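>>> here are the coordinates; sequence isn't available:
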């Protein structure tokens, strides 16, 4: 889950100057707008041949990692020297904190630390404005994920470590575990299981094993865990919590290849391309309005063979095998990209001149969305035009934010 900030992770086989001439390679995207990056000769030399990140958006608590609390209205490069000159492999954005994973398997963190989500004691440091290496991870890390107030990492051999807020069991460490853990702890209940995918939501977590089995735990309000527990009308505050990983039985027999967690809902995609949703407003209409909560996974019939899913606060995006983008859910600030701000109660295909090619990647923030299509990055939703971050800002259709060819 990514709130009001963004980054572009770029792989460069040349200098930054070539990237600015749209000849670089965009290897991974998270939400935002790429406008321009200014550099001098020394900076170009440092970036040559490196994978680096550029961040922009809300800078509260130092979540952007730039060493200040200032918001960035234009992309600003986070140089490899911050990570001991290591290339970056992956970055995960949480509610107000960020995790950085290097190609050497080391994890760094910055931003808000009120629940120890940065891997250091909240009593010692309430926030950190520059990336600090997370201690207590004994093995090479290959995957990280950030929730609203909790964090996770998967080791090279498929072990899962978690830390941060644990008031609803979202760390999966058992009911007797502390409600705040600032040191990464191995999820012992998954011993003998190889974890391949982890996605963290507001107060819940979803994992997929190498066998395609799906497990979920944490706050179960609105049925977001898929175990059949239905909470009351105030699901956000009254939850059926699971304190250890529990197999989603309704998905047994369906090998899951992709999973995503939102605020109060979850999405899984099976190996045969079927989409399953569960949680708030997941039943029947699949959005708001007349829809009701669904506490067990329900298959979506309206979408063709699917490959990838992404969840925002209350909206969902799915990429099909043919590169089509389908969206549904709340549509505040035009975060669905369907040309209006109307709620989509069922999946709608995103169309328009801005998506002339197949969509290869999609990512969701709280109320905004980004997609890669034909080597171009498009964003829409909360944030307004030209990279502004006014509360009123919105865009109901895709806006080209860069043209970085990645072939």
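Received the coordinates, thanks. On a predicted model such as this, the values are computed, not experimentally measured, just so you know. Residues are numbered from 1 along each chain as shown.

>>> hang on, residue 156 packs against residue 143?
No: using CB atoms under 8 Å, residue 156 makes no contact with residue 143, being 9.6 Å away. Placement of C-beta: from N, CA and C, glycine included.

>>> the more surrounded of these two?
Between residue 156 and residue 143, residue 143 has the larger neighbour count (other CB atoms under 10 Å), namely 19 against 11.

>>> state whether residue 173 is indeed within a helix.
No: counting by DSSP: H, G, I helix; E, B strand; the rest coil, residue 173 is not found in a helix; it is coil.

>>> strands along the stretch 301-407 of the chain, start to end?
Assigned strands in the stretch 301-407 of the chain, in chain order: 306-311, 315-320, 325-329, 344-349, 359-364, 368-373, 376-381, 399-403 (criterion: DSSP state E, counting those that start in this stretch).

>>> what stretches of the chain score poorly on pLDDT?
Applying pLDDT under 70 to the chain flags residues 1-52, 229-239, 282-292, 353-354, 384-407.

>>> how far away is the residue lying closest to residue 86 once chain neighbours are set aside from residue 120?
What sits nearest to residue 86 in space, not counting adjacent residues and going by CB to CB, 6 or more residues apart in numbering, is residue 102, at 3.8 Å. Here residue 102 is placed at a distance of 18 Å from residue 120 (CB to CB, to the nearest Å).

>>> again with residue 76
Residue 76 is 24 Å from residue 120, by CB to CB.

>>> can you check residue 180 too?
In terms of CB to CB, residue 180 sits 12 Å off from residue 120.

>>> residue 112 now?
Residue 112 is 12 Å from residue 120, by CB to CB.

>>> again, but for residue 91
Relative to residue 120, and taking CB to CB, residue 91 is found at 19 Å.

>>> go ahead and confirm the residue nearest to residue 86 touches residue 82.
No: using CB under 8 Å, residue 102 is not in contact with residue 82; the gap is 10.4 Å.

>>> what residues do those two have in common as contacts?
Common neighbours of residue 102 and residue 82, using CB atoms under 8 Å, 6 or more residues apart in numbering, are residue 108.

>>> so how far is stretch 253-270 from its chain's centroid?
Taking CA atoms, centre = their mean, to the nearest Å, the mean C-alpha location of stretch 253-270 is offset from the chain mean by 13 Å.

>>> what strand or helix carries residue 216?
Assigned by DSSP states H and E, residue 216 falls within strand 214-218.

>>> who does the closest residue to residue 150 other than its chain neighbours bridge with?
Counting by CB to CB, 6+ apart, residue 164 is the residue found nearest to residue 150 once chain neighbours are left out, at 3.4 Å. On the basis of DSSP bridges, residue 164 is bridged to residue 150, residue 181.

>>> is it true that residue 164 touches residue 117?
Yes: using CB under 8 Å, residue 164 is in contact with residue 117, at 3.6 Å.

>>> which residues do those two both contact?
Contacts common to residue 164 and residue 117, judged by CB under 8 Å, 6+ apart, are 149, 150, 151.
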